[in-house]
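1. predicted model and sequence below, questions to follow.
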Amino acid sequence: MRQEIVQTDLTVVGGGLAGVCAAIAAARLGRTVALVQNRPVLGGNSSSEVRVWVCGATAHGTQRYARETGIMGELFLENQFRNIDGNPYLWDLTLLEAVRAEPNIRLFLNTDVHEAEADGDEQDRTIRSATGWMMGSERRIRFESLIYLDCTGDGLIGFLAGAKHRIGREARSEFGESWAPEVPDDITLGSTLLFYTKDAGRPVRFVPPSFAIDVAKTTIPERRIIRSGDNGCAYWWIEWGGELDTVHDNERIRDELWAVIYGIWDYIKNSGKFDADRMTLEWVGSIPGKREYRRFVGDYVLNQNDILEQRPFDDRVAFGGWSIDLHPPQGVYATESGSKHLYSDGVYHIPFRSLYSVNVNNLLMAGRDISATHVAFGTTRVMATCAVMGEAAGTGAALCAIKGVTPRELHREHLRELQQTLLRQDASIIGIRGDDPDDQARRASVSASGTLRRLAAESSDEVYPLSSNIGFIVPVDPKLDGVELLVDAAEDAELQVEAWSTGRMENYVPARLVHSASAFVQGGLRQWIALPLVWTPDDAQNAFIVVKANDRLSVHLSHRPLTGVLTFKDGGEPSVPASLEEKRVDQPLVRWRAHPFERKTVCFRLAGETDAFLPSKATDGYHRPYGGPHLWASEADPAAAPQWLELIWPEPVPVGSVHVTFNDDVNEDLINLHHHRTPFEAIPELVKDYRVEAWQDGGWTTVAERRDNRKRKLVHVLDARIETKRLRIVVEATNGCPRAEIVEVRVYG
């Protein structure tokens, strides 16, 4: 066989989304990376081989303003443009091209790493190499690096190197977790196979294989939802193996899942209960999508209480928002609900100490094998969250290689640099302000062609009866000084409203009542009703305004979304039956549902002017919503006349690169596959055409420009460094928004 040695700064083992984002993050910081994947495609469970859709902090719209930015955000936006209908092969291509775009990455597909050389004692080990076999090429490859990242999901590399780990469920008493069992055990979440169907346009026969189960003799038809025409995402509950060893029993688990899938299809095709005569199987998975196996022990073990309390770790480097989502170990044969969910009231935080090994001093991990309890893992395991942890771990690994330190030393001595590096790269660390001393924009005064100061949605597109409470979020900056609502009244009635704080800057639920008001409404249509709702908080933040139910009243809705404003319905039937998903409907996040009002806004006017969209917001250090939108918004539409944001310095400053971040509406829930379809290829709020101008020799000179933009963050490296006292971003067109919106501008010499 052919023997090879590959030497790089970092070796990332595992080409799922955690590994892809880790490798890209490190490569962009100038480190050489070997990315090693044991399959022919990237993406892990999201790839065309398994076809699990990428879930993340948005929890499919349950969490607000929660979509990931950074590398995962780039992948979402690119896939949305190239693959709006969710073709799994085009998703593979999106990932492959993102990796190939980085010259510092050497990609090794079909390479199964099965050996790791490490030395040292049990408490202090160092990985010297990892060795794999490239299938189909007869190449045995030894990977030698300073730092290793285990993004394998199953935790194989760390295990081979002697990293401390756990499998199964901790006892309730160990971390005080209410969802943990009284006694520890080795039970895990099971694995899943998916299948696709299609209408063949003519009658199609199905003869089941001999191993297909008879689902009519099981509880499956009673406890789960089976419908003709459903496929893929609708059958996530075809799960089994939680009471087995999901790695060593992988073949047995696959065989049982095949038996279940073909049994379900036999039931659909041949029971006579479904209109499925023309339906045929298009694809059946052959690689079980594993949910859980080893979880490494880091310097901190993330637990249930950290999630629900949204603990703001000083060393937070990533975030999540998916529910704690646990499934019965019996899987498809369980008589209980297919899953149970417990949400935090907003996004939660993930510490860097959970991303490196407690006893292997050059090992970081990202994905479902991080340092977390089984219960906390129930939320961190989803792939977009794995991806943002991958970016954090890859960034940390790159800094370790640059500085010649261990991850623990990086945490102890260079934590601020790690966090600021992540923020500069547009990774999201919720609630930490960007404060890069090299950023010239921090020292500039900021002005604009015009700014949105009057916050209102006045154009009515729909009338909505107040049969239940509705709510809407507005930024209060600096104060709430009254609100008007556009109302229809079938007869004389009283309109009642309340203002609530959201409790935390990253939350969008009513937490504490701060004021209430009411007004008499005469019978009639399209009346603007003023309500003396007032609040002056100590710091700028959001208000959750509740409009109380009244069967005699209706409000008007605008179909023109307004940045910083969200609308909600109180209660209603859950979108998924309780037999599949068991949720606590009393939780504010579950109770207040935004789904009926996606990209719609209640018609309202705020009294007075708002400071929420001032030009200075583009340099305030926050690059995503946090107690307010944190962006500049123009008053006028750039389609009518170009709108600009200008930085001004008292003395000329050197400019070598300009970083511009545009609003990509992180409240919009994007997806990689066919779970749902978002109707636009580019986010409407994104700036489409713009130019960067510098003031030179008494006039404006274009130093960079972009047309047909669909990206959130762009870095313009100038052909030659210049010096200037004035720099501006001139927006000529957006992808549909009637305002120019810029989240952040950074300037580096």
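-> Perfect, I can see it now.

2. how far off centre is the helix or strand where residue 475 lies?
-> Under the assignment given by DSSP states H and E, the secondary-structure element containing residue 475 is strand 470-476. How far strand 470-476 lies from its chain's middle: 23 Å, per Cα atoms, centre = their mean, to the nearest Å.

3. just stretch 83-97 next, same as before
-> Computed by Cα atoms, centre = their mean, the separation of stretch 83-97 from the middle of its chain amounts to 18 Å.

4. mind listing what's buried in that stretch?
-> Within stretch 83-97, the residues that qualify as buried are 83, 86-88, 90-96, counting by 16 or more other Cβ atoms under 10 Å. Any C-beta I mention is one placed from the backbone N, CA and C, and that applies to glycine too.

5. what two of the residues you listed are the furthest from one another?
-> 86 and 96 (16.9 Å; Cβ to Cβ).

6. contacts for the strand holding residue 475?
-> With contact meaning Cβ atoms under 8 Å, 6 or more residues apart in numbering, strand 470-476 is reached by 64, 455, 464, 480, 483, 502, 508, 510, 535, 537, 540-547, 555, 564-570, 592, 601-602, 604, 606, 610, 612, 628-629.

7. before we move on, back to that, dump the buried residues of stretch 83-97 into CSV; add pLDDT and distance to residue 251 as well.
-> CSV is the format used below for the buried residues of stretch 83-97 (pLDDT from 0 to 100; distance: Cβ to Cβ, whole Å):
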residue, pLDDT, distance to residue 251
83, 96, 32
86, 95, 30
87, 96, 29
88, 97, 24
90, 98, 30
91, 98, 27
92, 98, 25
93, 98, 30
94, 98, 31
95, 98, 27
96, 98, 28
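
8. how much space is there between residue 358 and residue 378?
-> The spacing between residue 358 and residue 378, counted by Cβ to Cβ, to the nearest Å, is 22 Å.

9. okay, these two: which has more neighbours?
-> More neighbours surround residue 378 than the other of residue 358 and residue 378, with 26 against 19 (other Cβ atoms under 10 Å).

10. how is that one assigned, secondary-structure-wise?
-> helix (DSSP: H, G, I helix; E, B strand; the rest coil).

11. for it, which residues are in contact?
-> With the criterion set at Cβ under 8 Å, 6+ apart, residue 378 makes contact with 179, 189, 323-326.

12. if you set the cut-off to 7 Å instead, what comes out?
-> For residue 378, the contacting residues are 324-326, by Cβ atoms under 7 Å, 6 or more residues apart in numbering.

13. just among the residues you listed, which is most surrounded?
-> Top of the contacts of residue 378 by neighbour number is residue 326, holding 23 neighbours under the definition other Cβ under 10 Å.

14. quick one, phi/psi of it?
-> According to degrees, to the nearest 10, the main-chain angles of residue 326 amount to phi -110, psi 150.

15. all helices of the protein, in order?
-> Along the chain, the stretches classed as helices by DSSP state H are 17-28, 70-82, 88-100, 156-160, 172-175, 220-223, 250-270, 304-308, 374-380, 383-403, 407-413, 415-424, 588-591.

16. out of the ones you listed, which one sits most buried?
-> helix 17-28 (a mean of 31; mean count of other Cβ atoms under 10 Å).
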